[in-house]
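Engineer: Here you go, sequence then predicted model.
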Amino acid sequence: MKNWQIICSFTYPHEAHQARIYLENSAIHCTLQDEMTVQVYGLYSNALGGVKLLVPEKDFEQARNLLVEGGYIQPNSAAEQALPVPQVVTTDNKHCPFCQSTNIAKRKDPNLLVVVLYFILGVFFPIFKSGYQCFDCEKQWKPISPKQAEKNRQGK
């Protein structure tokens, strides 16, 4: 398959066959690459780059124009339309309520009541209770729900 160029690739073999037949009706010889692999192992399509439609170098421009005309490919290729991907960085900083330090960690302590119920009932329950610990002031606290925080602000 010397002097052949990939004109486009398709995720599914039936899409590639439609484009191949469209080109062959216009007297442009073409062939498909990786068609059988994608038919047998459909999930390999992305790993292989899809089913590739190959045309001879001498017919490349004519085939490209026909595929654009037929709506199989966009007039501007993806390489010409390379756009930068915006990078958004979000952080959820949690602070110690006592000293406002960010040097905190989530902690898990065994819950004695759940351990006793586990042995009595023989049913598995989550054993650990979670909370937070500040490494700067050595204090520990439990997270509260938004409803509880609103009640605390109102003084009830």
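Structural biologist: The structure has been received and is ready for your questions. Numbers count the residues shown, from 1 in each chain.
Engineer: Please report how far residue 60 lies from residue 33.
Structural biologist: Residue 60 sits 15 Å away from residue 33, taking CB to CB, to the nearest Å as the criterion. C-beta here means a position set from N, CA and C on the backbone, and glycine is covered the same way.
Engineer: Which one of these two is surrounded by more residues?
Structural biologist: Higher neighbour count among residue 60 and residue 33: residue 33, with 19 against 16, using other CB atoms under 10 Å.
Engineer: For the spatially most central residue of the chain, which non-adjacent residue is closest in space?
Structural biologist: Compute the mean C-alpha point of the chain, and by CA atoms, centre = their mean the closest residue is residue 46, 13.4 Å away. Closest residue in space to residue 46, ignoring its immediate chain neighbours: residue 11 at 7.6 Å, by CB to CB, 6 or more residues apart in numbering.
Engineer: worst-scoring helix or strand of the protein, pLDDT-wise?
Structural biologist: The weakest-scoring helix or strand in the chain, judged by mean pLDDT, DSSP states H and E, is helix 146-154 (a mean of 68).
Engineer: Low-confidence bits of this structure, can you list those?
Structural biologist: The model of the chain has pLDDT under 70 over residues 1, 76-94, 123-129, 143-146, 148-149, 152-156.
Engineer: Show me the helices in it, by range?
Structural biologist: Remark: helices assigned in the chain by DSSP state H are 13-25, 35-40, 45-48, 60-70, 112-121, 146-154.
Engineer: What helices and strands are in contact with the shortest one?
Structural biologist: For helix 45-48, the elements it packs on are helix 35-40, judged by 3 or more CB pairs under 8 Å, 6 or more residues apart in numbering; DSSP states H and E.
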